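Chemist: Predicted structure and sequence below. I'll ask about it afterward.
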Amino acid sequence: AQSVAQPEDQVNVAEGNPLTVKCTYSVSGNPYLFWYVQYPNRGLQFLLKYITGDNLVKGSYGFEAEFNKSQTSFHLKKPSALVSDSALYFCAVRDLRGDTDKLIFGTGTRLQVFP
Amino acid sequence: DTGVSQNPRHKITKRGQNVTFRCDPISEHNRLYWYRQTLGQGPEFLTYFQNEAQLEKSRLLSDRFSAERPKGSFSTLEIQRTEQGDSAMYLCASSLASRLADISGANVLTFGAGSRLTVL
């Protein structure tokens, strides 16, 4: 079965420091991986995706993610965190097997950036 | 186009009552999805439509739940005889899908802000 795991419920980082939010995946076939961010009272917002190609994917708001096939990981990174990055982050894998089209989400990681 | 719109944003109801949520997708999007999100969990897939056809329903979608997309535009999600366990955020998303996008996995889902249901 397709699945993703986010091992950290919360990540705390000081403003200006680099941040990493971890995600590992388990898929059969090609992994289609996504990161979404959720701010309070707002919908999930797309950050970036890995479909194929370069292992380092660049996305919105200065975020990037590194796809690592040997470690089955897709960690989200940012070189310098902002207080405004504080939010809930979800990793997801796209299941397109057969007639289905669904995203399978992890449980989320709350990022807290302190001034 | 202001994105995916969901109404109402909040609904409080008593156990046993029926509730209906509406989703208006991005106008050119042909796929529409419903997800449910409970506190501390990631969104869970409920169902999706390609135009007006409902192509898949999750086992999470009991017989009390019904979703429609009658003209391939907006969609409704109705929950009959609500239970306290139905309390959750109901998220709608849409995408512009194609056979090529499905093969490549590339099309991106755009989510609405959600409809929060509280069953007392």
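Modeler: Structure's in. What do you need?
Chemist: so what's B:V4 up against?
Modeler: Applying Cβ atoms under 8 Å, 6 or more residues apart in numbering or on different chains, we find B:V4 in contact with A:43, B:23-26, B:92-94, B:110-112. (Each C-beta comes from the backbone N, C-alpha and C, glycine too.)
Chemist: Ignore what I typed, I meant A:V37.
Modeler: A:44-45, A:47, A:87-90.
Chemist: Return only those of the residues you listed found close to chain B.
Modeler: Residues of the contacts of A:V37 in contact with chain B (Cβ under 8 Å from any Cβ of the partner chain): A:44-45, A:90.
Chemist: now those: which count as buried?
Modeler: A:44, A:90 (16 or more other Cβ atoms under 10 Å in any protein chain shown).
Chemist: Out of the ones next to chain B among the contacts of A:V37, which is nearest to B:T118?
Modeler: A:L44 (20.5 Å; Cβ to Cβ).
Chemist: quick one: that closest one and B:Y33 touch, right?
Modeler: No: A:L44 is beyond contact range of B:Y33, at 11.3 Å (criterion: Cβ atoms under 8 Å).
Chemist: tally of neighbours for B:S95?
Modeler: As a burial measure, B:S95 scores 19 neighbours (other Cβ atoms under 10 Å in any protein chain shown).
Chemist: one step back: if I look at A:L44 and B:Y33, which residues touch both of them?
Modeler: Shared contacts of A:L44 and B:Y33 (Cβ under 8 Å, 6+ apart): B:A93.
Chemist: Next up, the contacts around the residue nearest to the spatial centre of chain B.
Modeler: In chain B, the residue lying closest to the centroid (Cα atoms, centre = their mean) is B:W34, at 2.4 Å. By Cβ under 8 Å, 6+ apart, the residues touching B:W34 are B:23, B:46-48, B:67, B:75, B:77, B:90-92.
Chemist: any chance of these in JSON lines, with neighbour count too?
Modeler: Below are these laid out as JSON lines (neighbours: other Cβ atoms under 10 Å in any protein chain shown):
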{"residue": "B:C23", "neighbour count": "26"}
{"residue": "B:L46", "neighbour count": "22"}
{"residue": "B:T47", "neighbour count": "22"}
{"residue": "B:Y48", "neighbour count": "27"}
{"residue": "B:A67", "neighbour count": "22"}
{"residue": "B:S75", "neighbour count": "26"}
{"residue": "B:L77", "neighbour count": "23"}
{"residue": "B:Y90", "neighbour count": "24"}
{"residue": "B:L91", "neighbour count": "26"}
{"residue": "B:C92", "neighbour count": "29"}
